[in-house]
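Chemist: Fold the following.
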Amino acid sequence: MSFDEDFFSTELCGVAILTFEDGNTHRFPAFFEASQDAVQTSEYSEIPTYQPSIICKEVDGRLINKGDKITINGRDYKAYRGPRYDPYRPRAQIFLTDEEVISDF
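Modeler: Numbering: from 1, shown residues only. Predicted coordinates for the structure are as follows:
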C-alpha cells in the first residue's frame, strides 16, 4: 500500500460524494477543512471569513469542476473553482462554497 493509499484510507478521513449533472455520483475519500479566519478592517473591527475545502487524491480531484455539487457529512457544497494540485504529491485541494451560508443573504 502506498503512502497516499494509507493517507486517504476511510479510517483516517471522511467520504465526499460528487454529484454529476446527470444525477450519477462518485464517492471518494477526502479530508474536510472548514477554517474560519477574520479580516481586520480597523483597530476595533474585523469581518469573519469562511472558506471550507477538501483535500483528496489527484485522480478524484480531476473529476471536479467549478460549480459541481459535493456532499460532505450530509451537507451540500459547491466547488468554488477547479482543483489546486500539490506539486509534490498526487493530491488536490478544492475550495468550496457553503450553499446554506450563501442562501442566507
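
Chemist: For A34, list the residues it contacts.
Modeler: Listed by CB atoms under 8 Å, 6 or more residues apart in numbering, the contact set of A34 reads Y50, P52. No exception for glycine: its C-beta is placed from N, CA and C like everyone else's.

Chemist: Model confidence score at it, please.
Modeler: With respect to pLDDT, A34 scores 77.

Chemist: same thing with the one 4 residues further on?
Modeler: On the pLDDT scale, A38 is placed at 62.

Chemist: Can you identify each of the strands in this protein by residue range?
Modeler: 14-19, 25-42, 45-57, 69-72, 75-79, 84-85, 91-98 (DSSP state E).

Chemist: Quick one: those as a markdown table, columns for distance to F8 too.
Modeler: Listed next are the strands of the chain as a markdown table, based on distance: least, CB to CB, whole Å:
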| stretch | distance to F8 |
| --- | --- |
| strand 14-19 | 10 |
| strand 25-42 | 4 |
| strand 45-57 | 6 |
| strand 69-72 | 15 |
| strand 75-79 | 19 |
| strand 84-85 | 15 |
| strand 91-98 | 9 |
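
Chemist: Just name the most buried of those strands.
Modeler: Across the strands of the chain, averaging neighbours per residue (mean count of other CB atoms under 10 Å) puts strand 91-98 on top, at a mean of 20.

Chemist: what lines up beside that strand in the sheet?
Modeler: Strand pairing for strand 91-98, determined by DSSP bridges: strand 45-57 (antiparallel), strand 75-79 (antiparallel), strand 84-85 (antiparallel).

Chemist: Which among those is found nearest to N65?
Modeler: Closest approach to N65 among the strands paired with strand 91-98 is made by strand 75-79 (6.6 Å; CB to CB).

Chemist: Give me the distance from stretch 50-58 to the chain's centre.
Modeler: 3 Å (CA atoms, centre = their mean, to the nearest Å).

Chemist: my bad, stretch 54-62
Modeler: 9 Å.

Chemist: cool, and stretch 69-78?
Modeler: Relative to its chain's centre, stretch 69-78 lies at 9 Å (CA atoms, centre = their mean).

Chemist: One more: stretch 82-101?
Modeler: 5 Å.

Chemist: give me the low-pLDDT residue ranges for this structure?
Modeler: Along the chain, segments meeting pLDDT under 70 span 1-7, 9-12, 35-41, 45-49, 99-105.
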